[in-house]
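> I'd like to go over a predicted model; first the sequence, then the structure.
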Amino acid sequence: MMNGSGRGWERIRSSGSRVGRNISLPGRPTSSRTVRLGRVRPQAPGHRTIYCNDREANLPVRFKGNSISTTKYNFFTFLPKGLFEQFRRVANCYFLLISILSMTPISPVNPITNVAPLSLVLLVSLIKEAFEDWKRFQNDLVINSTPIEVLQDQKWETLPWKKLQVGDIVRVKQDGFFPADLLFLASTNPDGVCYVETANLDGETNLKIRKALERTWDYLTPEKASEFKGEVQCEQPNNSLYTFTGNLIIQKQTIPLTPNQILLRGCSLRNTEYIVGAVIFTGHETKVMMNSMNVPSKRSTLERKLDKLILILFGTLFFMCVIGAIGSGIFISRKYYYLGLNEGVEMAFNPSNRFGVAALTLFTLITLYSTIIPISLYVSIEMIKFIQSTQFINKDLHMYHGETNTPALARTSNLNEELGQVEYIFSDKTGTLTRNLMEFFKCSIGGEVYGTGVTEIERGGARRSGMKIQEVQKSANAVHEKGFNFDDARLMRGAWRNEPDPDVCKEFFRCLAICHTVLTEGDETPEKITYQAASPDEAALVTAAKNFGFFFYRRTPTTIYVRESHVEKMGKVQDVCYEILNVLEFNSTRKRQSVVCRYPDGRLVLYCKGADTVIYERLINGNDNLKKISREHLEQFGSAGLRTLCLAYRDLSPEIYESWNEKFIQAKSSLREREKKLDEVYPVNISYFSLCHDYGLFQL
């Protein structure tokens with residue numbers, strides 16, 4: 001286990017490490033649940049109500065507590081359930097049968113010779129199971145006892161996680177873990193944002209941005225938080241990590257809630273002094289725990305192979321015993337003196353009843369030859385696995401991560417040998433198994449490809465075909481920056497004004513600078529600013545816009561500020577404030593992200609970026625030749641190993657926008673099937689674009 005904060009990380013990770021494969025797909029409709037932070041109301045069938053700072057009002061609802069348990073057994077189920085798991089093994093069933101036979105009069109051996117080894121095998125296995133489950137229990141105990149600050153009597157009181165209840169207001173400090181699923185109310189960061197690491201949920205190390213509703217930003221101090229009286233209507237607990245449907249009703253105002261306002265249990269707070277949140281799901285109703293499967297009894301490949309071998313050995317043994325039993329039935333009447341047949345034996349092995357003699361002899365021989373299947377093998381395997389996990393894997397310095405003080409930890413010894421059975425590793429092309437770094441590499445604007453770089457895939461393909469690629473030497477003034485690996489003087493330092501389609505270039509750069517959810521940190525200068533993005537793609541695109549002369553440097557909930565160079569005339573720099581009216585975020589259904597913005601002169605524009613399949617089917621009619629050329633460029637980018645997206649835009653009339661926005665607000669405020677209703681609204685009247693073309697991201 002890790003020390004300090006690292007230890008907390010590992011403990012939290014254990015509580016959510018068994019994320020199942022049955023995660024709900026985004027957009028799948030779920031039943032609703034109401035989290036109410038205010039007056040008492042009867043519980044409606046499809047949702048439920050939770051009250052803030054009023055535990056007594058919540059008592060009739062009987063919400064689940066925040067204590068969790070990941071153990072396989074308890075005091076009463078350990079022996080019966082543990083024995084059941086042991087007798088799932090074919091060998092143990094066989095040895096039990098032999099032990100029973102050895103206690104009968106037909107057995108030629110002392111029962112202790114079979115009962116004692118079986119008892120030893122079961123004892124060793126049960127002790128190992130008990131030890132591993134005890135470690136799980138201790139881990140649960142530590143997690144449930146983790147301290148958290150809870151608002152009580154207008155001050156922060158420290159309580160263990162297990163005492164949290166739905167509706168409580170909590171404060172989580174930097175690098176701390178969220179003790180339950182929280183509604184994000186306020187943050188010490190400006191603009192009500194916080195940065196969340198979700199590595200324990202999805203393995204992604206990129207910081208995710210979560211944003212509180214502007215209406216709740218003031219509830220940061222205990223005095224202000226005590227005044228928070230609101231009602232949250234939301235879905236029932238479910239296992240979908242990436243969706244959330246709900247409304248916040250505060251002072252008779254209904255505000256839609258999205259996953260951006262939800263902080264999931266198991267995630268950690270980064271780059272933020274502290275946040276304040278309201279508990280909405282606790283314990284086993286949190287999303288991470290609903291994705292946790294019951295601790296399975298895993299059986300390794302070796303165990304399954306041993307079961308097959310034992311069946312083969314038992315078949316051989318049975319064949320030998322059948323031959324012996326047949327021979328006994330044939331020759332019993334000859335009464336050879338060395339058989340020692342006395343009167344008592346002849347009563348049981350009656351020569352006149354050859355079938356009975358053969359049957360008794362069969363069981364006798366099975367007992368006698370039972371050592372063909374070695375019971376000591378299982379004792380040895382259990383001991384080896386236990387020692388291997390506790391003394392070798394857990395103490396292997398080659399698997400120790402010094403930066404986070406994280407040693408290897410074998411959570412079960414049943415699967416040690418599986419580590420050597422891995423033959424193939426399948427991965428998509430997101431870079432999560434590499435450096436997960438995206439760089440802006442090439443783009444196609446107005447039917448012209450920009451970017452002189454050559455990828456390793458292009459070089460490899462040329463070598464295989466015996467061709468030689470003529471690589472253009474990088475210019476001396478090429479920009480070298482993380483996320484930007486582009487070199488083409490035709491677009492740099494305002495040179496794009498001399499291109500055949502400068503207006504399209506301008507829209508391309510503005511789309512990069514405006515259509516995103518990136519936040520800024522640090523000084524508002526190109527050299528010192530830092531971009532915090534939900535994905536490396538977004539950071540690379542905003543960095544590219546900056547280097548093309550469209551520097552995004554500030555964001556508020558309703559505006560984006562861009563410092564534009566060379567737009568009016570060569571060398572002129574101007575700060576432009578764009579009003580952000582709507583942000584339609586990317587999801588797996590839409591496969592695109594859109595932003596509706598208003599220019600200072602009142603112009604309404606919809607900017608969109610997304611997969612070529614969804615962008616191209618929404619383009620306005622005409623200009624087929626340009627579309628064809630752009631598709632060819634996309635195929636070239638893809639063949640070169642680049643990740644491709646398309647950019648598009650559309651000018652909107654006030655009438656079209658107002659009509660669409662009214663439907664959008666209604667869909668966004670819907671409690672039931674919100675995702676479905678939003679998907680139905682997105683294409684209406686607004687999604688027919690002019691192409692401002694495509695770009696390629698180089699993945700490291």
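Received, thanks. These figures come from a predicted structure and were not determined experimentally. Numbering: from 1, shown residues only.
> can we go C-alpha only for contacts and neighbour counts from here?
Fine.
> and the pLDDT at the nearest residue to residue 681 once chain neighbours are set aside?
Sequence neighbours aside, residue 664 is the residue nearest to residue 681 in space, at 6.2 Å (criterion: C-alpha to C-alpha, 6 or more residues apart in numbering). With respect to pLDDT, residue 664 scores 86.
> separation between residue 664 and residue 422?
49 Å (C-alpha to C-alpha, to the nearest Å).
> higher neighbour count, the two?
residue 664 (20 against 7; other C-alpha atoms under 10 Å).
> which helices and strands sit right next to the helix or strand hosting that one?
Residue 664 belongs to helix 654-668 when assigned by DSSP states H and E. Where contact means 3 or more C-alpha pairs under 8 Å, 6 or more residues apart in numbering; DSSP states H and E, helix 654-668 is packed against helix 674-681.
> now the strands for the stretch 151-300 of the chain?
155-160, 169-173, 181-187, 193-197, 207-211, 230-235, 246-250, 253-257, 262-263, 268-270, 274-281 (DSSP state E, counting those that start in this stretch).
> give me the low-pLDDT residue ranges for this protein?
1-46, 293-298, 333-352, 427-436, 469-477, 671, 682-700 (pLDDT under 70).
> next, name the residue at the spatial heart of it.
residue 202 (2.3 Å; C-alpha atoms, centre = their mean).
> what's the angle from the longest helix seen in the chain to strand 155-160?
Using DSSP state H, we find that the single longest helix of the chain is helix 112-144. In terms of direction (axes from the mean of the first three to the mean of the last three C-alpha atoms, to 10 degrees), helix 112-144 departs from strand 155-160 by 170 degrees.
> do you know how far residue 485 is from residue 233?
On the measure of C-alpha to C-alpha, residue 485 and residue 233 end up 46 Å apart.
> who's more crowded, the two?
In this view residue 485 and residue 233 are compared by other C-alpha under 10 Å, and residue 233 has more residues nearby, 25 against 20.
> can you pull up the bridge partners for the spatially closest residue to residue 145 that is not a sequence neighbour?
Distance criterion C-alpha to C-alpha, 6+ apart; nearest residue to residue 145, sequence neighbours excluded, is residue 160 at 4.7 Å. Beta-bridge partners of residue 160, counted by DSSP bridges, are residue 147.
> for residue 160, list the residues it contacts.
144-148 (C-alpha atoms under 8 Å, 6 or more residues apart in numbering).
> any chance you could map the helices in the stretch 1-150 of the chain?
4-15, 55-58, 78-86, 90-102, 112-144 (DSSP state H, counting those that start in this stretch).
> related to what we said a few turns ago, do you know how far the residue nearest to residue 145 is from residue 402?
In terms of C-alpha to C-alpha, residue 160 sits 29 Å off from residue 402.
> circling back to that earlier point, can you put the strands of the stretch 151-300 of the chain in JSON lines and add distance to residue 365?
Converted to JSON lines, these look like this (distance: least, C-alpha to C-alpha, whole Å):
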{"stretch": "strand 155-160", "distance to residue 365": "62"}
{"stretch": "strand 169-173", "distance to residue 365": "70"}
{"stretch": "strand 181-187", "distance to residue 365": "63"}
{"stretch": "strand 193-197", "distance to residue 365": "64"}
{"stretch": "strand 207-211", "distance to residue 365": "68"}
{"stretch": "strand 230-235", "distance to residue 365": "65"}
{"stretch": "strand 246-250", "distance to residue 365": "71"}
{"stretch": "strand 253-257", "distance to residue 365": "73"}
{"stretch": "strand 262-263", "distance to residue 365": "66"}
{"stretch": "strand 268-270", "distance to residue 365": "64"}
{"stretch": "strand 274-281", "distance to residue 365": "62"}
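> so for residue 540, which of those sits nearest?
strand 207-211 (14.8 Å; C-alpha to C-alpha).
> burial of residue 398, as a residue count?
By the measure other C-alpha under 10 Å, the count of residues near residue 398 is 9.
> that older thread, quick one: the helix holding residue 664 to helix 674-681, angle?
Going by the same axes, to 10 degrees, helix 654-668 makes 160 degrees with helix 674-681.
> return the set of buried residues in helix 654-668.
Residues 657, 660-661, 663-664, 667-668 are the ones in helix 654-668 that count as buried (16 or more other C-alpha atoms under 10 Å).
> cool, stretch 519-531 as well?
Those would be 519, 530-531, for stretch 519-531 by 16+ other C-alpha under 10 Å.
> for stretch 150-164, same thing?
150-152, 156, 159-162, 164.
> also stretch 573-584?
Buried residues in stretch 573-584 (16+ other C-alpha under 10 Å): 577-581, 583-584.
> tally up the residues packed near the residue lying closest to residue 286 once chain neighbours are set aside, please.
When the adjacent residues along the chain are set aside, residue 286 lies closest to residue 181, with 5.8 Å between them (C-alpha to C-alpha, 6+ apart). Residues within reach of residue 181, counting by other C-alpha under 10 Å, total 24.
> in strands, which of the buried residues of stretch 573-584 appear?
577-581, 583-584 (DSSP state E).
> nearest to residue 93 among the residues you listed?
residue 584 (60.1 Å).
> ok, the closest one touching residue 590?
No - Residue 584 is beyond contact range of residue 590, at 9.4 Å (criterion: C-alpha atoms under 8 Å).
> mind splitting the chain into its structural domains?
Structural domains assigned to the chain are 4-66+164-290, 438-699, following automatic domain parsing.
> Throw the ones you listed into TSV and include distance to residue 301, thanks.
Conversion of the domains of the chain to TSV gives the following (distance: least, C-alpha to C-alpha, whole Å):
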stretch	distance to residue 301
domain 4-66+164-290	20
domain 438-699	36
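> winner for burial among those?
Stretch with highest mean neighbour count among the domains of the chain: domain 4-66+164-290 (a mean of 20; mean count of other C-alpha atoms under 10 Å).
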